[in-house]
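> Fold the following.
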Amino acid sequence: MASLIIIVVMLVLMWLLLIRPQRRRQSQQAQMLSSLELGDEILTAGGLFGHVVAIDGDQVTVEIAPGTNVRVARRAVSAVIPDEADDEPGSDEELDAEAEPGAEPNAPEVERR
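Reported below is the predicted structural model:
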């Protein structure tokens, strides 16, 4: 009886640690693929970066350089790259306002001893 309990506990732990996270990743990947839109910057499984210019069922046409389009399988899209404008903490004016009063903007810092 005790060995049966140990086996059941091991199976539950295996499910919690291995299978459940994998299903979560698969559902996130499926959601990302279904939400692809024209103009999205993507990364393919082969390591190519580009912008989506057309979506046709299970195929995505990606512009990897001006005038250079490649057609890839939709499932080959690894990630959608977020816009850089969303990641920037603030503008240059905000950073200059936070600088020490009397200091020249964009001047190199001097180490004081």
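> report the longest helix in the protein, please.
helix 20-34 (DSSP state H).
> next one: that one to chain centre, how far?
How far helix 20-34 lies from its chain's middle: 13 Å, per CA atoms, centre = their mean, to the nearest Å.
> how about the following helix or strand past it: buried residues?
Downstream of helix 20-34, the next assigned helix or strand under DSSP states H and E is strand 41-44. In terms of neighbour count (16 or more other CB atoms under 10 Å), strand 41-44 has its buried residues at Ile42, Thr44. For every residue, glycine as well, the C-beta is placed using N, CA and C.
> Does anything pack onto strand 41-44? Which helices or strands?
Applying 3 or more CB pairs under 8 Å, 6 or more residues apart in numbering; DSSP states H and E, we find strand 41-44 packed against strand 49-56, strand 59-65, strand 77-81.
> strands paired with that strand, and their directions?
Taking DSSP bridges as the criterion, strand 41-44 pairs within the sheet with strand 49-56 (antiparallel), strand 77-81 (antiparallel).
> mean confidence for the longest one?
Averaging pLDDT along strand 49-56 yields 94.
> What of the shortest one?
Average pLDDT, strand 77-81: 92.
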